[in-house]
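Undergrad: What follows is a protein structure lacking sequence information:
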Ligand code: TZP
């Protein structure tokens with residue numbers, strides 16, 4: 001079955017394993033979807049391949065049960081083995097067209113961008129959405145690119161027909177302004193996973209999106 005993005009505006013919950021704090025990926029997936037997350041990503045930059053694979057299997061099983069697509073960050077090999085719905089890559093990962101070629105037909109591919117030239121280039125790539133950020137300051141990413149602000153979100157909206165996913169430091173208090181600037185979705189790590197009750201945190205975001 002080809003995976004499809006949810007209708008805009010949607011909440012994109014990124015399960016960064018640095019934020020698990022002893023919680024299981026399966027339980028987090030269920031709670032985030034219960035709160036209103038429409039798309040999920042598993043990001044595990046600091047895990048061994050063996051653990052990433054195990055967590056990816058758990059995430060895919062839970063996301064299938066919840067009926068929401070789950071993408072794997074940066075690793076088409078792991079996505080393929082576990083039957084994930086797609087892959088998200090950054091500027092320094094494998095090129096999006098190479099990743100697309102490694103995945104089954106109908107898989108979702110997303111690409112991170114950090115400036116106008118990268119957004120334009122994404123429009124020429126075989127990707128399903130373009131992520132733009134960091135929109136606000138964030139402590140979550142090692143060596144984050146400079147903050148792009150809402151200006152790049154506004155510009156991306158006019159420059160590409162791809163769905164625009166805004167990321168970086170977004171809270172339920174700012175999510176509405178991000179959507180008003182033209183984003184189709186907000187992608188969030190700490191604003192969801194730093195909370196003890198992630199279902200309630202997701203619901204606050206979901207409500208802010210309108
Ligand atoms: N890419 C740009 S900012 C960022 C990524 C992965 C981190 C987003 O995390 P948070 O905690 O929602 O700021």
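TA: Thanks, I have it. All of these numbers come straight from a predicted model, not from anything done at the bench.

Undergrad: Can you say which helix or strand has residue 88 in it?
TA: Taking DSSP states H and E as the definition, residue 88 sits inside strand 86-89.

Undergrad: Sorry, wrong one. I was asking about residue 72.
TA: For residue 72, the element it lies in under DSSP H and E is strand 70-73.

Undergrad: Partner strands of that strand, with direction?
TA: Within its sheet, strand 70-73 is paired with strand 37-43 (parallel), strand 86-89 (parallel), according to DSSP bridges.

Undergrad: quick one: which of these is nearest the ligand?
TA: With CB to the nearest ligand atom as the measure, strand 37-43 is the member of these nearest the ligand (6.9 Å). In this view, the C-beta of every residue, glycine as well, is placed from N, C-alpha and C.

Undergrad: which other residues reach the closest one?
TA: Residues outside strand 37-43 that contact it (CB atoms under 8 Å, 6 or more residues apart in numbering): 5-7, 10-17, 25, 29, 32-33, 55-56, 59, 63, 68-74, 84, 88, 185, 187, 189, 192, 202, 206.

Undergrad: Name the residues of this protein found near the ligand, please.
TA: Counting by CB under 6 Å from any ligand atom, the residues of the chain lying close to the ligand are 112, 133-134, 138, 140-141, 144, 167-170, 188-191.

Undergrad: Mark which of these are buried, thanks.
TA: Neighbour counting by 16 or more other CB atoms under 10 Å classes 112, 133-134, 138, 140-141, 167-170, 188-191 among these as buried.

Undergrad: which helices and strands does the helix or strand harbouring residue 60 pack with?
TA: If you go by DSSP H and E, residue 60 is part of helix 49-66. The contact analysis (3 or more CB pairs under 8 Å, 6 or more residues apart in numbering; DSSP states H and E) places helix 49-66 against helix 25-35, strand 37-43, strand 70-73, helix 76-82.
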